[in-house]
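Student: Would you be able to build a 3D model of this:
(one chain, ligands or ions: 2)
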Amino acid sequence: MEEVRYPRKRFAELLGFSESELTIADNLEGLVELGGRRDSYGPGDLSAYRAALGAHPPRRQMRRQLFLNFKGGTGKTSLSTSYAYRLAELGHRVLLLDLDSQGHATKCVGFEGEEQKYTLFDVLVKKLPIADAVIHTPLAELDLVASNLRMSTIDLALMPMSGREFKLRKALEDVADRYDFCVLDAPPSFGLLNLNAIMSSDDLFVPVLPDFLSFHGLKLLFETVHELEEDLEHYLQNVTILLNNFNPTTRIAREARQALEEHYGEYLSKTVVRQCTKFAQASSEGTPIFAFDPSSKGAEDIQSIIDEFMPRLAARAQERSA
Ligand SMILES: Nc1ncnc2c1ncn2[C@@H]1O[C@H](COP(=O)(O)OP(=O)(O)OP(=O)(O)O)[C@@H](O)[C@H]1O
Ligand SMILES: [Mg+2]
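Tutor: Ligands and ions are numbered 1, 2, ... in the order given. Sure thing, here's the model as predicted:
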């Protein structure tokens, strides 16, 4: 991710500036030392310009958003990491939590899980303060708690502990004032870790593929989540199905979409994430899709998810303060 470069025009757009306004900013004291007017900028510059110019969105109460499906390979990691990176690019303070021992989210933002000292295992089982497990990325608004193979035994380790379902929720309280969003990338399984993740979340995003196996898996997921909500008295505020990897030229995809609209219409997002090979290319380079190819269909669709949900969150925040 360190190699990410933003051409001048795109950098200005990200800050909400015209290019001539950017030239003025380039020459301001505190910023001119970073290199003055130049052709391209790095993620660190983006953070520095935002900080110096106060060009970030309003700070908000930390919103905890979980990408979960018990089924594997539905796009949880591709969507959650792109979403988290984009929010941070737009100036929101984001903590990305990799919950999967495969460490894919960690890789997607450019880190090698096995090289990291701490994971959520240390936080949830060994009581390490979560702030000590946080890794800073080159984009100052994006922090990460990495994952690696050590996480594969976390369910067993949590089993005998008291309050085992709420360890993550409690851990997150310590950093709630540092972030606007906490984005959680779940593994494709059901166990105590994912139970912790559900109990820690305000919003649930369920990426599904446009096929009938995914469709049938949804019933189990919804039943399980609703039972847990009642048993443990934690109610998710939004549950959203994200149809991913959609290719309208195949009949099966069109039929699966129709079935989702009929049976889960109230949960289905308006945004459909189209099939886009750039997701795989970007993740193999450890670069989020917005840095890899901001004009790709994948990047466009993630932006459209943000555009669809941000107004909803703003409305909720107003409800709370009213
Ligand atoms: N919209 C898309 N278009 C094309 N390929 C996609 C899309 N979304 C995800 N993929 C690809 O599908 C594969 C699985 O995606 P991903 O790893 O994000 O799923 P996952 O749900 O996190 O998987 P797991 O359950 O193993 O954690 C990857 O190779 C990814 O690049
Ligand atoms: Mg994954």
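Student: how about residue 206, secondary structure?
Tutor: Here residue 206 is recorded as strand under DSSP: H, G, I helix; E, B strand; the rest coil.
Student: what's in contact with stretch 223-238?
Tutor: In this structure, residues lying in contact with stretch 223-238 by CB atoms under 8 Å, 6 or more residues apart in numbering are 70, 165, 190, 195, 198-199, 201-204, 239, 309, 312, 316. The way it works is simple: take the backbone N, C-alpha and C, and place the C-beta from them, glycine included.
Student: hey, C-alpha coordinates of that stretch in CSV?
Tutor: Extracted C-alpha coordinates of stretch 223-238, given in CSV (Å, rounded to 0.1, in the frame of the first residue of the first chain):
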residue,chain,number,x,y,z
GLU,A,223,-32.6,-17.9,11.6
THR,A,224,-29.3,-18.1,13.6
VAL,A,225,-28.9,-14.3,13.8
HIS,A,226,-32.5,-13.7,14.9
GLU,A,227,-32.2,-16.5,17.6
LEU,A,228,-29.0,-15.0,18.9
GLU,A,229,-30.5,-11.5,19.0
GLU,A,230,-33.2,-12.7,21.2
ASP,A,231,-31.2,-15.0,23.4
LEU,A,232,-28.4,-12.5,24.0
GLU,A,233,-30.6,-9.4,23.8
HIS,A,234,-28.5,-7.6,21.2
TYR,A,235,-30.4,-6.3,18.2
LEU,A,236,-28.7,-5.3,15.0
GLN,A,237,-29.8,-2.0,13.6
ASN,A,238,-29.4,-2.8,9.9
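Student: How far off centre is that stretch?
Tutor: Between the centre of stretch 223-238 and the centre of its host chain there is 21 Å, according to CA atoms, centre = their mean, to the nearest Å.
Student: What subset of the contacts of stretch 223-238 is buried?
Tutor: 70, 165, 190, 195, 198-199, 201-204, 239, 309, 316 (16 or more other CB atoms under 10 Å).
Student: quick one: which two of these are the most distant?
Tutor: Using CB to CB, these reach their maximum pairwise distance at 190 and 316, which is 27.8 Å.
Student: before we move on, back to that, which of the contacts of stretch 223-238 sits closest to residue 52?
Tutor: Nearest to residue 52 among the contacts of stretch 223-238, with distances taken as CB to CB, is residue 309, at 29.0 Å.
Student: which residues does that closest one contact?
Tutor: Going by CB under 8 Å, 6+ apart, residue 309 touches 203, 238, 240.
Student: can you tell me which of the residues you listed are in strands?
Tutor: 203, 238, 240 (DSSP state E).
Student: do you know how far residue 254 is from residue 211?
Tutor: 12 Å (CB to CB, to the nearest Å).
Student: Which positions in the stretch 101-250 of the chain make contact with ligand 1?
Tutor: Counting by CB under 6 Å from any ligand atom, the stretch 101-250 of the chain comes close to ligand 1 at 104, 187-188, 244-245.
Student: Looking at these, which one is closest to ligand 2?
Tutor: Nearest to ligand 2, judged by CB to the ion, of those is residue 104 at 4.7 Å.
Student: Check residue 320 and give its pLDDT.
Tutor: With respect to pLDDT, residue 320 scores 57.
Student: who's in contact with the residue of the stretch 51-200 of the chain found nearest ligand 2?
Tutor: Nearest residue of the stretch 51-200 of the chain to ligand 2: residue 77, at 3.2 Å (CB to the ion). Contacts for residue 77 (CB under 8 Å, 6+ apart) come out as 67, 100, 104-105, 108, 185, 283.
Student: Look up the pLDDT of it for me, please.
Tutor: We have a pLDDT of 98 for residue 77.
Student: Helix or strand: which one has it?
Tutor: helix 76-89 (DSSP states H and E).
Student: any bit of the following helix or strand past that helix sitting next to ligand 1?
Tutor: Tracing the chain past helix 76-89, the next element assigned as helix or strand by DSSP H and E is strand 94-98. No: Strand 94-98 does not reach ligand 1 (CB under 6 Å from any ligand atom); its nearest approach is 10.2 Å.
Student: For the stretch 151-300 of the chain, just list every one of the helices.
Tutor: 154-158, 167-173, 192-199, 212-232, 251-264, 278-284, 289-292, 297-321 (DSSP state H, counting those that start in this stretch).
Student: Reformat these as TSV; add distance to residue 116.
Tutor: TSV is the format used below for the helices of the stretch 151-300 of the chain (distance: least, CB to CB, whole Å):
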stretch	distance to residue 116
helix 154-158	15
helix 167-173	17
helix 192-199	17
helix 212-232	30
helix 251-264	37
helix 278-284	18
helix 289-292	21
helix 297-321	25
